[in-house]
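pasted the sequence and its predicted model underneath.
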Amino acid sequence: MDIGILLKRHARYRAEHTALMIGSERFSYHNLNARVNQLANAVLAAGLVKGDKIASVLPNCFELVALYWMAAKTGLVFVPASPMLQGSGLATLLNNSDSKMVIADAAFADVLNDIKDQTPLIADTNRILIGGDVNGFQSYDSFVKAASTENPPDAQLTDDDPYNIMYTSGTTGAPKGIVHTHYIRSNYCTQFATAFRMMPESVVLHAGSIVFNGAMLDFMPWMFVGCSYILHEAFDAEAVMKTIKAENVTHMVMVPSQIVALLNHTAFDPDDLMSLEMILSVGAPLHLEYKQKLNAALPDRFYELYGLTEGFMTVLDRKDSTRKAGSVGVPTAFYEMKIVNENGDECEVGEIGEICGRGPMLMTGYYKQDDLTDKAVIDGWLHSGDAGYVDDEGFLYLVDRIKDMIITGGVNVYPKDIEEIIVQYPNIAEASVFGAADEKWGEIPVAAVTLLPDTQIDPNDLMDWTNSRVGAKFQRIKDVVILDTMPRNVAGKTLKREISDDYSKGKT
């Protein structure tokens with residue numbers, strides 16, 4: 001299934017419908033198609049051909065949107081790099097992906113110059129900058145200026161042609177490039193449009209970074225149904241609420257920290273957000289305390305998705321969000337799920353084990369890393385590395401990341417269980433529990449928290465309060481650290497390992 005035909009189709013049959021809003025600019029499908037064609041023809045004129053890799057180092061902007069749909073039309077493979085990458089990390093990604101062109105924001109000129117000798121596949125003429133003229137680079141405007149706005153030549157795309165390489169957002173180890181084909185992305189189009197009840201009349205607002213895979217949950221269905229997509233350049237809770245009210249936004253994908261910021265904002269007023277039909281939480285578990293607040297303020301709108309970029313997802317539907325408030329839902333259509341123990345045997349109902357899944361959105365593999373692919377996908381089943389269990393109706397309950405599990409005195413402690421309690425304490429915005437080394441117990445639980453604006457707490461009081469409410473003595477926290485903000489990656493995920501490392505070094 002060729003996702004490149006979608007934009008062309010809407011430009012023909014929904015030409016004047018608003019396709020994209022970003023900043024003060026609005027693009028009809030006709031105009032968006034012309035601009036994407038211009039970029040596609042410019043890239044092809046530069047000598048890149050179907051299958052070549054083209055990378056970006058961009059914040060949310062029009063050009064980043066255009067790159068996704070340019071790749072869909074041409075058969076080039078898009079590699080969106082996190083704008084948080086610097087120096088050696090960026091060089092590693094560009095080399096690992098075999099990128100032959102990079103389009104970057106002008107703010108990255110110095111970084112790209114520093115690693116120029118380390119990225120020999122990228123010719124000088126294929127180093128493109130947006131928002132500035134710098135020696136050694138070509139400006140984006142001059143790059144596309146002479147290119148035709150007509151549709152590029154038919155790329156003869158098939159289901160198996162790769163569309164993008166998404167690099168994992170972790171902070172340790174070598175980067176892993178996850179390959180998605182046109183077939184996989186077409187399943188994102190159809191499955192999530194169906195799951196989220198998206199229609200041509202829908203209005204999508206996305207305020208998080210679109211270089212991480214969670215953004216594809218509304219980005220792909222947007223183009224499939226031909227609705228309107230609003231992209232904010234960065235997340236700002238008040239700006240989000242104003243846009244929802246002004247544009248009658250119906251669908252929105254957010255990470256938990258964004259939902260928390262929205263609910264805790266002084267301007268939060270459910271009456272202004274009544275146009276919403278979907279608020280999807282993705283990227284990490286949203287603590288039950290906030291699920292309940294959201295369902296009380298905006299009932300029948302909350303969805304939650306558990307998933308891996310590698311290609312397994314479950315969705316908690318809005319109709320089940322109260323009845324199954326602690327669950328992350330059931331597998332999407334055409335998917336199978338099983339929970340297995342350490343011996344690989346399937347677990348009983350209620351028994352905790354590793355979450356595994358298989359289905360049509362499963363990656364073709366890690367780019368050039370067959371050994372890692374073979375460890376992740378065994379007999380067609382993706383092994384998630386996450387712990388969970390199912391209830392008697394088959395709904396999945398995420399216990400925690402296996403790698404985040406704390407082993408204290410030989411007992412397994414799941415941080416999420418403790419975090420669910422901590423966030424109920426007055427003035428706590430977020431909580432992250434991690435294991436700290438201990439000579440006697442091996443590891444002990446420690447809590448890092450952030451506070452609501454203009455508030456204070458006594459860490460000892462929080463520790464005593466929490467420890468009086470946990471279900472077992474081994475869950476008691478031994479220390480509390482108050483942070484100004486949680487460290488996050490570009491996907492908005494809390495970097496628990498970074499908090500733990502800083503704690504062990506005495507930096508917190």
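Right, received. Where do you want to start?

gap between the closest residue to residue 207 other than its chain neighbours and residue 151?
Leaving aside its chain neighbours, residue 207 sits nearest to residue 232 (4.0 Å; criterion: C-beta to C-beta, 6 or more residues apart in numbering). Heads up, the C-betas are built off the backbone N, CA and C, glycines and all. Counting by C-beta to C-beta, to the nearest Å, the gap from residue 232 to residue 151 is 29 Å.

show me the strands in the stretch 401-508 of the chain, by range?
All strands of the stretch 401-508 of the chain, identified by DSSP state E, counting those that start in this stretch, fall at 406-408, 411-413, 428-438, 442-451, 480-482.

please identify which helix or strand holds residue 32.
Secondary structure from DSSP states H and E places residue 32 in helix 29-45.

and the strands of the stretch 401-508 of the chain: which comes nearest residue 78?
Nearest to residue 78, of all those, is strand 428-438, at 32.4 Å by C-beta to C-beta.

against which helices or strands is that closest one packed?
For strand 428-438, the packing partners by 3 or more C-beta pairs under 8 Å, 6 or more residues apart in numbering; DSSP states H and E come out as helix 256-264, strand 406-408, helix 415-422, strand 442-451, helix 496-504.

strand 428-438 and the first one, what's the angle between them?
Regarding helix 256-264 and strand 428-438, their directions subtend 140 degrees when assessed with axes from the mean of the first three to the mean of the last three C-alpha atoms, to 10 degrees.

and helix 256-264, what's buried?
By neighbour count on 16 or more other C-beta atoms under 10 Å, the buried set for helix 256-264 is 256, 257, 258, 259, 260, 261, 262, 263.

who are the packing partners of it?
helix 237-247, strand 278-281, helix 288-297, strand 428-438.

of all these, which lies closest to residue 214?
strand 278-281 (9.0 Å).

adjacent strands (with direction) for the closest one?
The pairing partners recorded for strand 278-281 under DSSP bridges are strand 251-254 (parallel), strand 302-308 (parallel).

could I get these as a markdown table with mean pLDDT and mean neighbour count?
Putting these into a markdown table (pLDDT from 0 to 100; neighbours: other C-beta atoms under 10 Å) gives the following:
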| stretch | mean pLDDT | mean neighbour count |
| --- | --- | --- |
| strand 251-254 | 97 | 26 |
| strand 302-308 | 95 | 23 |
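
so can I have CSV of the ones you listed showing distance to residue 276?
Shown next, in CSV, are these (distance: least, C-beta to C-beta, whole Å):
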stretch, distance to residue 276
strand 251-254, 7
strand 302-308, 10
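
show me the one of those strands that comes nearest residue 122.
Per C-beta to C-beta, nearest to residue 122 of the strands paired with strand 278-281: strand 302-308, 29.9 Å.

give me the contacts around that closest one.
195-196, 214, 217, 278-282, 285-286, 291, 294-295, 313-318, 321, 328-329, 382, 384, 386, 396, 398 (C-beta atoms under 8 Å, 6 or more residues apart in numbering).

give me the angle between the helix or strand just after it and helix 288-297.
Next helix or strand after strand 302-308 toward the C-terminus (DSSP H and E): strand 312-316. Using the same axes, to 10 degrees, the inter-axis angle of strand 312-316 relative to helix 288-297 is 50 degrees.

name the helices or strands packed onto strand 312-316?
The elements that strand 312-316 packs onto, with contact taken as 3+ C-beta pairs under 8 Å, 6+ apart, are strand 302-308, strand 330-331, strand 353-358.

can you do 10 Å?
When contacts are defined as 3 or more C-beta pairs under 10 Å, 6 or more residues apart in numbering; DSSP states H and E, strand 312-316 packs onto helix 182-195, strand 278-281, strand 302-308, strand 330-331, strand 336-340, strand 353-358, strand 381-390, strand 396-401.

partner strands of the last one and their direction?
Here strand 396-401 is paired, per DSSP bridges, with strand 381-390 (antiparallel).

gap between residue 60 and residue 207?
Remark: distance between residue 60 and residue 207 (C-beta to C-beta) = 8 Å.

intersection of neighbour lists for those two?
231, 232, 233, 234, 235 (C-beta atoms under 10 Å, 6 or more residues apart in numbering).

mark which of these are buried, thanks.
For these, buried by 16+ other C-beta under 10 Å: 231, 232, 235.

dump the residue contacts of the second one.
When contacts are counted by C-beta under 10 Å, 6+ apart, residue 232 is found next to 21, 22, 23, 60, 205, 206, 207, 208, 239, 240, 243.

tell me the contacts of the fifth one?
Which is residue 205. 21, 218, 228-232, 240, 243-244, 247, 249-254, 276.

again with the first one
For residue 21, the set of contacting residues under the criterion of C-beta under 10 Å, 6+ apart consists of 27, 203, 204, 205, 228, 229, 230, 231, 232, 243, 247.

so it, which of the three states?
Using DSSP: H, G, I helix; E, B strand; the rest coil, the structure places residue 21 in strand.

what about the residue most central in space within the chain, distance to residue 188?
Nearest to the geometric centre of the chain sits residue 214, at 3.0 Å (C-alpha atoms, centre = their mean). Applying C-beta to C-beta, the value for residue 214 to residue 188 is 11 Å.

try residue 145
Residue 145 sits 33 Å away from residue 188, going by C-beta to C-beta.

pick out whichever of those two has more residues nearby.
residue 188 (24 against 10; other C-beta atoms under 10 Å).

ok, now how distant is the more buried one from residue 322?
27 Å.

residue 333 too?
Applying C-beta to C-beta, the value for residue 333 to residue 322 is 23 Å.

can you pull the buried residues of stretch 51-68?
Result for stretch 51-68 [16+ other C-beta under 10 Å]: buried residues 52-68.

likewise for stretch 335-347?
Neighbour-count burial for stretch 335-347 flags 335, 337, 339, 340, 347 (criterion: 16+ other C-beta under 10 Å).

beta partners of residue 482?
Bridge pairing for residue 482 (DSSP bridges) gives the partners residue 449.

neighbours of it, how many?
15.

cool, residue 447 as well?
When neighbours are defined as other C-beta under 10 Å, residue 447 has 24 of them.

same deal with the one 5 residues further on?
Taking other C-beta under 10 Å as the criterion, the count of residues near residue 452 is 14.

tell me the pLDDT of the closest residue in space to residue 62 that isn't next to it in sequence.
Sequence neighbours aside, residue 22 is the residue nearest to residue 62 in space, at 5.5 Å (criterion: C-beta to C-beta, 6+ apart). Looking at residue 22, its pLDDT stands at 97.

repeat for residue 170
Looking at residue 170, its pLDDT is 42.

which of the strands of the stretch 401-508 of the chain sits closest to residue 489?
Across the strands of the stretch 401-508 of the chain, residue 489 has its closest neighbour in strand 428-438 (13.6 Å, C-beta to C-beta).

ok, residue 188 to residue 332 distance?
Residue 188 sits at a distance of 10 Å from residue 332 (criterion: C-beta to C-beta).

residues shared between the contacts of these two?
313, 360, 361.

OK, contacts around the first one?
The reference is to residue 313. Residues near residue 313 by C-beta under 10 Å, 6+ apart: 188, 191-192, 195, 217, 282, 305-307, 328-329, 331-332, 335, 337, 357, 359, 361.

one more time with 6 Å, if that's ok
Neighbouring residues of residue 313 by C-beta atoms under 6 Å, 6 or more residues apart in numbering: 305, 307, 332.

the last one now?
Under the criterion of C-beta under 6 Å, 6+ apart, the neighbours of residue 361 are 184, 187, 311.

which one among those residues gets closest to residue 84?
Nearest to residue 84 among those, with distances taken as C-beta to C-beta, is residue 311, at 23.8 Å.

need the pLDDT of the closest residue in space to that closest one that isn't next to it in sequence.
Spatial nearest neighbour of residue 311, chain neighbours left out: residue 362 (3.8 Å); criterion: C-beta to C-beta, 6+ apart. The model reports residue 362 with a pLDDT of 97.
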